[in-house]
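A.B. asks: Could you look at this predicted model? Sequence included:
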Amino acid sequence: MRLAREPDTVVLDARSERLFRLRHVASAVNLSFPEFTEATLARIIPTRETRILIYCNNNFTGAPESLPVKAVASALNLSTFVSLHAYGYRNVYELGPVIDVARSKLVFAGEEVR
(Lines give C-alpha, C1' and ligand atoms only; values in the text may rest on other atoms or scores of the structure.)
Protein backbone atom coordinates (compact mmCIF):
# COMPACT_ATOMS: atom_id res chain seq x y z
CA MET A 1 0.00 0.00 0.00
CA ARG A 2 2.86 2.35 0.81
CA LEU A 3 4.55 1.70 -2.54
CA ALA A 4 1.28 2.16 -4.44
CA ARG A 5 0.99 5.72 -3.09
CA GLU A 6 4.52 6.73 -4.04
CA PRO A 7 5.11 8.85 -7.14
CA ASP A 8 6.26 7.06 -10.27
CA THR A 9 4.41 3.87 -9.35
CA VAL A 10 1.89 2.12 -11.59
CA VAL A 11 -0.47 -0.49 -10.15
CA LEU A 12 -1.14 -2.79 -13.09
CA ASP A 13 -4.10 -5.13 -13.37
CA ALA A 14 -3.54 -7.38 -16.40
CA ARG A 15 -6.79 -9.31 -16.00
CA SER A 16 -9.64 -9.11 -18.49
CA GLU A 17 -11.55 -5.85 -18.77
CA ARG A 18 -14.70 -7.69 -17.56
CA LEU A 19 -13.08 -8.77 -14.29
CA PHE A 20 -11.46 -5.36 -13.85
CA ARG A 21 -14.87 -3.69 -14.19
CA LEU A 22 -16.26 -5.95 -11.47
CA ARG A 23 -13.52 -5.28 -8.89
CA HIS A 24 -10.03 -3.80 -8.91
CA VAL A 25 -7.62 -1.97 -6.66
CA ALA A 26 -8.84 1.62 -6.85
CA SER A 27 -5.53 3.08 -8.05
CA ALA A 28 -4.94 0.37 -10.69
CA VAL A 29 -4.82 0.75 -14.44
CA ASN A 30 -6.03 -2.08 -16.63
CA LEU A 31 -4.25 -3.52 -19.62
CA SER A 32 -5.36 -7.05 -20.38
CA PHE A 33 -2.38 -9.37 -20.79
CA PRO A 34 -3.24 -10.34 -24.40
CA GLU A 35 -3.04 -6.64 -25.29
CA PHE A 36 0.59 -6.20 -24.13
CA THR A 37 2.72 -4.63 -26.85
CA GLU A 38 5.55 -2.13 -26.64
CA ALA A 39 3.13 0.65 -27.60
CA THR A 40 0.28 -0.26 -25.22
CA LEU A 41 2.64 -0.68 -22.28
CA ALA A 42 4.31 2.67 -23.04
CA ARG A 43 0.90 4.39 -22.91
CA ILE A 44 0.30 3.34 -19.29
CA ILE A 45 3.87 3.04 -17.92
CA PRO A 46 5.84 6.31 -18.21
CA THR A 47 9.35 4.79 -18.35
CA ARG A 48 11.03 1.41 -18.12
CA GLU A 49 12.34 2.51 -14.69
CA THR A 50 8.83 3.15 -13.33
CA ARG A 51 7.94 0.95 -10.37
CA ILE A 52 5.17 -1.47 -11.41
CA LEU A 53 3.04 -3.30 -8.87
CA ILE A 54 1.18 -6.24 -10.40
CA TYR A 55 -1.63 -8.36 -9.02
CA CYS A 56 -4.03 -10.99 -10.26
CA ASN A 57 -6.88 -13.13 -8.96
CA ASN A 58 -4.53 -15.27 -6.87
CA ASN A 59 -3.51 -12.34 -4.68
CA PHE A 60 -7.00 -12.21 -3.17
CA THR A 61 -9.60 -14.32 -1.46
CA GLY A 62 -13.25 -13.69 -0.68
CA ALA A 63 -14.46 -12.39 -4.06
CA PRO A 64 -14.91 -15.46 -6.30
CA GLU A 65 -16.91 -13.65 -9.01
CA SER A 66 -14.43 -10.86 -9.66
CA LEU A 67 -11.23 -12.52 -8.39
CA PRO A 68 -11.59 -16.25 -9.17
CA VAL A 69 -8.59 -18.21 -7.86
CA LYS A 70 -6.58 -20.16 -10.44
CA ALA A 71 -4.06 -22.95 -10.08
CA VAL A 72 -0.85 -21.39 -8.76
CA ALA A 73 1.17 -22.50 -11.78
CA SER A 74 -1.23 -20.64 -14.10
CA ALA A 75 -1.49 -17.41 -12.11
CA LEU A 76 -1.48 -14.38 -14.39
CA ASN A 77 1.32 -12.70 -12.40
CA LEU A 78 3.81 -15.21 -13.77
CA SER A 79 3.05 -14.34 -17.38
CA THR A 80 2.75 -10.64 -16.60
CA PHE A 81 6.14 -10.53 -14.87
CA VAL A 82 7.89 -12.45 -17.65
CA SER A 83 6.32 -10.31 -20.36
CA LEU A 84 7.14 -7.01 -18.64
CA HIS A 85 10.71 -8.21 -18.22
CA ALA A 86 10.86 -9.11 -21.92
CA TYR A 87 9.78 -5.55 -22.77
CA GLY A 88 12.57 -4.14 -20.59
CA TYR A 89 10.70 -3.33 -17.37
CA ARG A 90 12.81 -4.41 -14.40
CA ASN A 91 11.23 -2.57 -11.46
CA VAL A 92 8.30 -4.99 -11.10
CA TYR A 93 6.80 -6.28 -7.84
CA GLU A 94 3.87 -8.54 -7.02
CA LEU A 95 1.20 -7.61 -4.51
CA GLY A 96 1.21 -10.22 -1.80
CA PRO A 97 0.58 -12.24 0.20
CA VAL A 98 -3.00 -13.44 -0.34
CA ILE A 99 -5.36 -10.74 0.91
CA ASP A 100 -8.94 -11.22 2.11
CA VAL A 101 -10.91 -8.48 0.34
CA ALA A 102 -13.23 -8.07 3.33
CA ARG A 103 -10.35 -7.38 5.73
CA SER A 104 -8.01 -5.53 3.43
CA LYS A 105 -7.00 -1.91 3.90
CA LEU A 106 -6.79 -1.65 0.11
CA VAL A 107 -9.53 0.41 -1.48
CA PHE A 108 -11.42 -1.42 -4.21
CA ALA A 109 -13.57 -0.02 -7.00
CA GLY A 110 -15.91 -1.58 -9.53
CA GLU A 111 -19.45 -2.80 -10.07
CA GLU A 112 -19.20 -5.51 -7.40
CA VAL A 113 -18.02 -3.01 -4.77
CA ARG A 114 -20.81 -0.46 -5.06
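C.D. replies: Arrived safely, thanks for sending.
A.B. asks: wait, what's in contact with residue 24?
C.D. replies: By CB atoms under 8 Å, 6 or more residues apart in numbering, the residues touching residue 24 are 13, 15, 30, 108, 109, 110. Just so you know, the C-beta spots here come from the backbone N, C-alpha and C atoms, and that holds for glycine as well.
A.B. asks: is it in a bridge, and if so with what?
C.D. replies: Here residue 24 sits in beta bridges with residue 109, going by DSSP bridges.
A.B. asks: gap between it and residue 40?
C.D. replies: Using CB to CB, to the nearest Å, residue 24 is found at 18 Å from residue 40.
A.B. asks: before we move on, the earlier item: so can I have a markdown table of the contacts of residue 24 showing pLDDT?
C.D. replies: Converted to a markdown table, the contacts of residue 24 look like this (pLDDT from 0 to 100):
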| residue | pLDDT |
| --- | --- |
| 13 | 97 |
| 15 | 95 |
| 30 | 98 |
| 108 | 95 |
| 109 | 97 |
| 110 | 97 |
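A.B. asks: Name the nearest of those residues relative to residue 78.
C.D. replies: The nearest member of the contacts of residue 24 to residue 78, counting by CB to CB, is residue 15 at 13.5 Å.
A.B. asks: Is that closest one in contact with residue 54, as I believe?
C.D. replies: No: the pair residue 15 and residue 54 does not pass the contact test of CB atoms under 8 Å, sitting 10.3 Å apart.
A.B. asks: So if I had to pick from the two, which one is more boxed in?
C.D. replies: residue 15 (24 against 20; other CB atoms under 10 Å).
A.B. asks: Assign the more buried one to helix, strand or coil.
C.D. replies: At residue 15 the chain is in coil, as set by DSSP: H, G, I helix; E, B strand; the rest coil.
A.B. asks: Repeat that for the one 4 residues further on.
C.D. replies: Going by three-state DSSP, the secondary structure assigned to residue 19 is helix.
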